[in-house]
Every structure is written in structure tokens, then in C-alpha cells.
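Chemist: Fold the following, please.
(2 chains, ligands or ions: 1)
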Amino acid sequence: MTARKAIWLGARTVSRAKRLILVLWIFLTLLAALATTPVAAAISKSLGHSKWAAELIRGLDPSWIMETYRDTHGYVLAAMPVMLGLSLLAALLAHLLIAGGAISVFASQDRRYTAALFFEGCGRYFWRFFRLLLASSLLLGIVLGINAGLKALETRLWGEGMIETPIFYASRVRLALLLFLLVAAGMVADYAKIRLVVEPGRSAIRALLWSMRFASRNFGRCLRIWVVLMLAGALFYFVYDRISRAIPQTSSPGVFLLLIAQQLYIMSRLWLRLTFWASQTEMYFGLKPPAPASAPELFVWPPEPRAVLAEPALTMPQADEEAAGPA
Amino acid sequence: MMMRWFPLFAVLCLPSFGALSRQIASYDIKVTLDTKTHTLRGSEVMTWVNASPDRVATLQFHLYMNAFKNESSTFMRESGRRFRPDRFQKKEWGWIDVNRMQVVGGADLTKAIRFIHPDDGNAADQTVIEVPLPEPVPPGKSIQVAIDFTTKLPKVVARTGYHDEYYLVGQWFPKIGVYEKAGFRYAKQGRWNCHQFHANSEFFADFGRYRVEVTLPAQFVVGATGVEKLRKDDVKSGTSTYVFEQEDVIDFAWTASPLFQRIERKFDAEKLVSAQELAEVSRIHGISPAEARLKDVRMILLIQPEHSATIERHFKALETAIKYFGLWYGKYPYDTLTFVDPPFGAGGSGGMEYPTFITCGTPLRPMPGELDPETVIIHEFGHQYWMQMAATNEFEEPPLDEGFNTYSTTKICDLAYGASRLPFRAMTFNLGDILDMPKMKAVQLDRAGYLLDPVVDDLVRNSWSYYNSLSYSLNAYVRTGVTLDTLENILGGDVMARIMRTYFQTWQFNHPTMDDFIKVANQVSGSDLSPFFSQFVRGNRLLDYMVADVTSSKVRTPLGVFDKDGAKVTVDFKEAGKQESSQEKGKGYKPMYESVVNIRREGDAIWPVEVRVGFKDGSVERRQWDGQYRWTRFTFVKPSELADVEIDPERKLLLDVNWANNSYVMKPESAVLSKWASNVMFWMQNTVLWLGSVL
Ligand SMILES: [Zn+2]
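Modeler: Residues are numbered from 1 along each chain as shown, chains lettered A, B, ... in the order given. Below you'll find the model as predicted:
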């Protein structure tokens, strides 16, 4: 299984599950609206009938921001972090819910979205994914620890000197490494999720350990999926950026066009996220994973159809099967 | 014991031939830098002229460096954790010892030295000393005192110190206070003005001649206040000795580092200032173009080699500053201006001003759209006018220096560079650029800063008497800037330009006060500006006008019983309707509208305002309101509905804390709300998605 094929299959899967994107978009928008409301209320109170509004539509004036801050006695600004924190917490939990549903759909036999399949998946895997989150936060801790250690080393080597250049470049290299490790950690967490959905085991730690082995053995392929989809994401952003700058945002029709462009971009990001999971699921199936590392459990989870029906039943090109076996 | 007076120096009281100032306090200093212990060993001969009619029996000196001696100093106490040197090692504190003080050819004063604490009574503070003299200095006479001192430099903490092999040596020698005779500034009787070193304050000193001899290892590149007169290398000891001289200055600072790249260029007044610009200055001020002409200046840049890509930006910014300050207030009279780019890790010594010598600072990779390093170069150069030549008392009236300088810097930046991007970065990219945020003018940023806390204090106070450090910075810098901008809008650009130039020309080298500025403003503008100054400078009034409510409706036929031709006629709904429809049928009929506008004064500041009322047929009515009572009402009966109302339509009053409520539009533009709500929503959605992609 090559990365290209996995992405192609993944994209095809997602294209069959358009309604899933819609469901996620509605959910995401409701969540964001929660944090947007107080800000919108403050803008409305301040500028609702003000002549200044017509000028500010071209761009924010810092002194208007400070006026509003004064006018609302800082309530809105003070409420912002709380609202942001709450919506991020909600986002986190929602992410765990959705991942279970989405991967259930992508790992199903015909990979077709049905509300029942999706929502059942959301509920069934939530706690397993929650435990996985706790386990993988350890991984995140290690990554951040490495970053902190390197930063301390930079300070020790060059922090007391008079030249910034080495520390400037070293910190860029460090940040690139940090990004790389975060990607790797994210990848490991994703494959662990797939493993938890596809295989009968329920242990998050075992799934994580297995996934680390899996990701390191197939690192090139896994990374290629990430790189290709990130490039696609960058392209989407570039297109959105060009379009939004081209729209004259000084009148209602312009603002409406901007709103459409923004929400299309958000949908493209949702598509990207789902394609990630779908492609990784295809990669998982394509690589014929080794038998579960876990010891047989006392309670054997009834095999789910998609797990049993692994490769042959799938209408998936098989050409590079040999090449894809784990090393 | 016989004291030797120097009547000759009494002549120095008056500007000597060619000198610009009265040379009251002059110094001849020899100093050696020990780079192992970061210590200076110096000896100075200080000549002080008693320009007062008093017999002065004591001398007071600043020992600024003791501010960094321990956590009990007033500087450290006031600054709280801000300058708390978390990692200060034993060798990183700074202090100064006076080893010997002696009247030249006379008594040894060393034993009589005592620390005094005129501002806060903090007995642990050692930044001011007083020495009784065996005999008072008579009026018009001078005294020479020889002082041996040792200065241990701190690790760069606030403005001064060392970092690795870099030295920025400021506030480093025993420096005499200012003796104020009765009637000088705010003095009711003769007194020493010699404040302790505070967290938020800078300096005040008399003018004088400085001759400073610096000896240090030969590999160091050196820059200083004034002109380098001599360099001697001693091969045997591996040291070099530099001699710098400057007159008409109030202080002396120097820097040394083996890493500096030294570049010298000429500010070519002929080339950089056009005849048109000179003509404009001569028109505004009624002077000849020759009088407006500037002088060539040697610009000496000491820059870090890793910042060499910014050399052009450095020089362009300095040229811009020399040009506009010179055109607006008067030519820069000194021969040199040295500007220093501190190395990485020594940012605390950047952005500081000394006579003919400033420190700036630049990011390693400056962005084209940002004004970093330009703003700081222009600002620090500006201090040559307010801190150095006007030489105001920054301890007692910080706005006269930092605030006047903010006003000037902002004008120059906006004029020469236009709107720019704030230096907010994500990695090496500008966030404003990425998010397509608009560029900002410096004046917008000043007003935004002012709004943080507009009237917690009077504008002018002792620098250590403001509510807190934030209030000090807001008042000393941006609030003064915004106040002067508002004054300029009220009076007009030309009048304000004349006020500023007259103030500077009248008071340069003479230590003006805020009262002196107010007098000049009243005289030049020809009007009594005391309502302005008493509310916004000497007071803390909040300026805020608002459009409270607005109605506009058709004038109806009145109902009721009316006397007509001796009979009582009742007009009811039906009758009124009949009358109205017959009117409407009439040729050229236009319904009349009654529009009522209520304006309120929300703040306690009273200032006359203009109110502009626009109608749907395009007609405009303008009204003046003196703002005396808390509200006023304007009623219009016109054949058109009201469209919008605006107080202060030209936005002259930058001090008004709420511009959004200064206007009212009957039919609001909903696109604005939609746009920003849509943007906020979009950013939130993206944030949530980013979080999702990491997990
Ligand atoms: Zn300043």
C-alpha cells in the first residue's frame, strides 16, 4: 500500500460520506458561535448605530478595540479566555466523539455513512479514546520535554553571548523538530485509534504501543500521507487567502461572499481531517497489521464485521501488496 | 583653611563666546575600565559655578549606580519584580564608591560625605550624597572638587551595565545636582534639586563642558558623547586611551565592545533638505530660509556585524529625525551624533538617550513593513531636543521630555513612513500580514495606548508619584502625545508649529517647566488656553461626548379644539386626515419632519464641540455646543428626515475616550457587524480545528 493509494482510497471514502462533513460543520459552527456571541454583542453595542462603523469595515483600528475594552469594562476581553477555554474543552471532547464515529464509518465494509453507524461509533469508542488521550498525553509530554531540554541547551551554549545568529537558527531547527515530533505523535495517536476500532482489544496503552511500532516500521509511508495532505491544506489556505483579499469587504454583498469563502475553507479543512483518518485507515488495512499484541482477553469482544472482512473482501487495488508488508 | 575660588569661572555663568549654554557643571574625568571585574576606576575634577545669589554651603551629588547595589535601593523597591535580577550573581550587582573627595587645593571632604534621601526617606538608598563645605561658595564664584571613585558596573539591567564584552556606561560618575535659585523653575527659595534614582525616572542636570579620557584594552571599539579628540595606544600594556570632548551638554555616556562595526557618514544638510522644505518653514515661522537651514552632522553608527543588513535603515531613520527635528524646532547644533546598536542579550541598554549619543536596537531580521528599528532611532534622537537641549526636569515633569518626544516622533514616523505593521511575529512572518490586518499609523497607536487608563492621574506629576508604572508610562508618553495632538487639531497645524518652535527656541539650554510651555502656547496662539491646560494637563478630566437619542418623524396636523373666527373648531383624526390629504394634493407639497437630537456630556471635561446633522435630502446643519451643562437638545423642522448626527465630525478631540458614541446613523450599516462576527467565528472555527489536528 503506497501513500498515494491510501490517500486516493481515503478521499474516495470521504466523498461518499459528504453528509458527515455537513454534520461536523454544523457541530463546529455551533461550538464557535458560543465564543463569537459576546464579541458580536460588544461590536453591536459599540458600532450598531455609529458612523465609525463604515470606516472600521476596512480594518480594525486599535483605538476602537481599546474603546470597546473600556466601554465593556474589560468584561468581553475577560470573558474571552473563559469562552475560549470552554469551547476548546468542548472541542477536545467533541474530537474524541467524532473520531470514533468517523473511523467506524471509514473502517466499515462499504465505507458508507449512515447516522446510526456514525453515532454508534461515537458512543462506543469515546471512553477508549479518552483513555488513549491520557496515554498519548504522556507522549506529548515527552515531546515537549525534548523541546524544553533543547531550549535549555541553546541558552546554555549561546544565551550569554553577544551574537544572536546561532541561537536564531538553532531555535528554528528546534521548532522544526518540535513540529516533526508533534506530527509523529499525532500519527501514532491516529493509528492507535484505528487499531482500537478495528481490533477487539480495549486497552489504550497496548494500542498506543502497537501503533508506535507500526508507525516507526512504516514511517515513510505514514509521513507521506501527512505531507501530501498538509500540502493540500496549504493550497486550500492559499486559495482562500487570495479569494478573501480579492473580495471587496466593504458592503453587505461583499461580506456575504467573504462568509461563504470562509465557510467553504472550513469545510475544506473538515474534508482534510476526515481524509486523514480515512487514508490512515486504508493504510492500516493495506499493510496487514500483525496480530494484536495483547494477550487474549477474558471477554472476547464480538468481532465487528469490518475487522473480519479485512483485505480480500475490499474492492481495493492489490497490486503493491507485497511491497507493503511490514519490514 | 584657605579655599581657592576661581573668579575666572564666574564668567562661565554667561554663555561664553561660541558656547550655547551657561556652563554650570563641567567635568574633566580620567577613567580606566577593568574588563575582568567590570569595574571603572576614575578620577574627576568637577567645576561648579554658583549662578545663584545665595552663599551655597553644601554640595549634593548623584551616585546613580548605587541604585543597582541591592534590593533595598529605592530603584529596586519601586520597580518591584520588573528589574528583579533573578539570576543576579554576586559579581552582577552594580555600585559606586567615592574613595576621596577634596576641594582642589583645599580641604579633604571625604569624611564629611553623608547619604541623604530627599524623596522618600529610604535610609537604605545610597543614590544621593551631601557634603558640607568648610566655607560656602559665594554668588558668582566657582568651586573645583577632585573626586576619586570606583564604579562596579551591573550586568545590563536598566539602561546601563555590561554584557559579555559589551559595555554601555551611563550614569557612572559622581554627578552634581542642580542648585535652583529662588524663581528658577518652581523654586520659592534657593535649594538643591538632587533626586534619588527612581524606577520610572530619568535625569536633570546643568550644562557644562566634558573632557573624558577612557583607557581600556586596545581591541575595543569605543563610542561616546561628543567628539573623539585623541587616541593613544600603549603597546606595552595593550591598552588604548581615548579622549572625548563636548561642551553644552548635561551628561556623558560611552560604550565599548570588540564586536562593534563602526560606520561614519555625513548628514548632508544641503542634499537632504529641499529648498521647498526650507521655504515652507520660513513661511510658517516668518524667518528667512537661511535661518531655517540645517547644519551638517557626523553620524557615527556602532552596529553589531550580524545586523549589518540594517545599516541603510539605521542611517535613513537618523537622517529623517535630524531633518524634521531641525526643520521644526531648530537645527541640531552639535558636530556628532553617535548611535549604538546593543548586542543580543543586552536589550536593556537599548532605546536610551544621552547627549549626542543614543542607543537603539534592531531585530535580527527586520521586516520591511515594520518600523523596527526606525521608531526607536527617531525617538532617541528626539531626546536631543527635549532631554538634552531643553533639559527639562524629568524627575518632576516627565511629560516635558518623553511626552513631547512622543508627539514629535509620532508626527515624523507618520509623515516619513506612513502606516506600518506592528512587530507581532509568528516565527519570521508578520501576523498582521498573514491575517491581512490593516497597517497602523503611530497616532492611532498613541490613542489606543492612552485609552488603557486615560485619567487615573494628572498628566504632570513627579515620576515616582504616579499611581503605578503603567500610569507613569501612559502619562509621560502617549497621553501627552494625544493631548498635544488634540491641541494641534484645535489650534491648527501652523499655530501649533509656531508654539513648538517658539517654546524650543526660547527655552533651549534653560530648563523650562510646563508653566513656561503654557505661557508660550497662550502668547503664540493669542488665546487663553487655560481651560485646556487646567483640565487636561494640570488636571484629570475625562472627555466624552455622546449622541444620546435621535428621533425624526413627520409633522402631523395637531388634534384638539381650536378657536377659529370666533368659533370653536374641533379637529379629530378624521378631520386631520382630510386636511393632510388635501395638503398632499397641493403642488410642490413636501411633508415636514421634526428631528430631535439629544447630545450628552458623559465625562467631566468641558470643551466646546461642533455637531453636524445630516439629512436625507443631503442638507447639513451645523451647531456649536459649549458643553457646559450635562446635555443639550437640537430640534429641526425640515422637509427631510434626519440621516445622521456626528459630534466633532473632524475628530479633532483625540482625547475623547469614545469615538464610537460620537455619531448616530438612522439606518445602520449592518455589514460591519456581519463582517467582524463572521471573522471572529472563522478564527474560532480554525482554532478548534487546529486543536483537533494536534490530538
Ligand atoms: Zn524616550
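
Chemist: When you work out contacts or count neighbours from here on, use the C-alpha atoms and nothing else.
Modeler: Will do.

Chemist: what residue ranges in the stretch 351-500 of chain B are flagged as low confidence?
Modeler: Along the stretch 351-500 of chain B, the parts satisfying pLDDT under 70 run over B:423, B:426-428, B:434-436.

Chemist: for chain A, what are the nearby residues on it?
Modeler: For the stretch 351-500 of chain B, the residues in contact with chain A (C-alpha under 8 Å from any C-alpha of the partner chain) are B:364, B:436, B:437, B:438, B:440, B:444, B:445, B:447, B:448, B:449, B:451, B:452.

Chemist: Mark which of those are buried, thanks.
Modeler: The neighbour-count test (16 or more other C-alpha atoms under 10 Å in any protein chain shown) marks B:364, B:438, B:440, B:444, B:445, B:447, B:448, B:449, B:451, B:452 as buried among those.

Chemist: now, among the residues you listed, which is nearest to chain A?
Modeler: residue B:448 (3.9 Å; C-alpha to the nearest C-alpha).

Chemist: where's the closest one relative to residue B:482, distance?
Modeler: Here the distance between residue B:448 and residue B:482 works out to 10 Å (C-alpha to C-alpha, to the nearest Å).

Chemist: Distance check, the residue most central in space within chain B against residue B:388.
Modeler: The residue lying closest to the centre of chain B (C-alpha atoms, centre = their mean) is residue B:402, at 2.1 Å. Using C-alpha to C-alpha, we find residue B:402 at a distance of 12 Å from residue B:388.

Chemist: Reformat the buried ones among the residues of the stretch 351-500 of chain B next to chain A into TSV and put secondary structure next to each item.
Modeler: Shown next, in TSV, are these (DSSP: H, G, I helix; E, B strand; the rest coil):
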residue	secondary structure
B:364	coil
B:438	coil
B:440	strand
B:444	helix
B:445	helix
B:447	helix
B:448	helix
B:449	helix
B:451	coil
B:452	coil
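
Chemist: these two touch, right, residue A:257 and residue A:248?
Modeler: No. In this structure residue A:257 lies outside contact range of residue A:248 using C-alpha atoms under 8 Å: 9.1 Å.

Chemist: What pLDDT does the model give residue A:91?
Modeler: Residue A:91 is assigned a pLDDT of 77 by the prediction.

Chemist: In terms of helices and strands, where is the residue in chain A positioned nearest to chain B?
Modeler: Nearest residue of chain A to chain B (C-alpha to the nearest C-alpha) works out as residue A:63 at 3.9 Å. Using DSSP states H and E, residue A:63 falls within helix A:62-71.

Chemist: Show me what the helix or strand that that helix is followed by is packed up against.
Modeler: Heading C-terminal from helix A:62-71, the first helix or strand you meet, by DSSP H and E, is helix A:75-107. In this structure, helix A:75-107 packs against helix A:18-47, helix A:62-71, helix A:115-158, helix A:165-198, helix A:252-286, helix B:670-694, with contacts taken as 3 or more C-alpha pairs under 8 Å, 6 or more residues apart in numbering or on different chains; DSSP states H and E.

Chemist: ok, 10 Å please
Modeler: Applying 3 or more C-alpha pairs under 10 Å, 6 or more residues apart in numbering or on different chains; DSSP states H and E, one finds that helix A:75-107 makes contact with helix A:3-16, helix A:18-47, helix A:62-71, helix A:115-158, helix A:165-198, helix A:252-286, helix A:305-308, helix B:670-694.

Chemist: Can you give me the buried ones in it?
Modeler: Going by 16+ other C-alpha under 10 Å, helix A:75-107 has these buried residues: A:76, A:80, A:83-84, A:87-88, A:91-92, A:94-107.

Chemist: Low-confidence ranges, the chain, go.
Modeler: Using chain A here. A:74, A:76-77, A:288-327.

Chemist: try chain B instead
Modeler: Across chain B, the ranges flagged by pLDDT under 70 are B:1-18, B:81-91, B:423, B:426-428, B:434-436, B:692-695.

Chemist: Domain ranges for it, per the record?
Modeler: Split into domains by automatic domain parsing, chain B comes to B:261-542, B:545-555+B:591-652+B:658-665.
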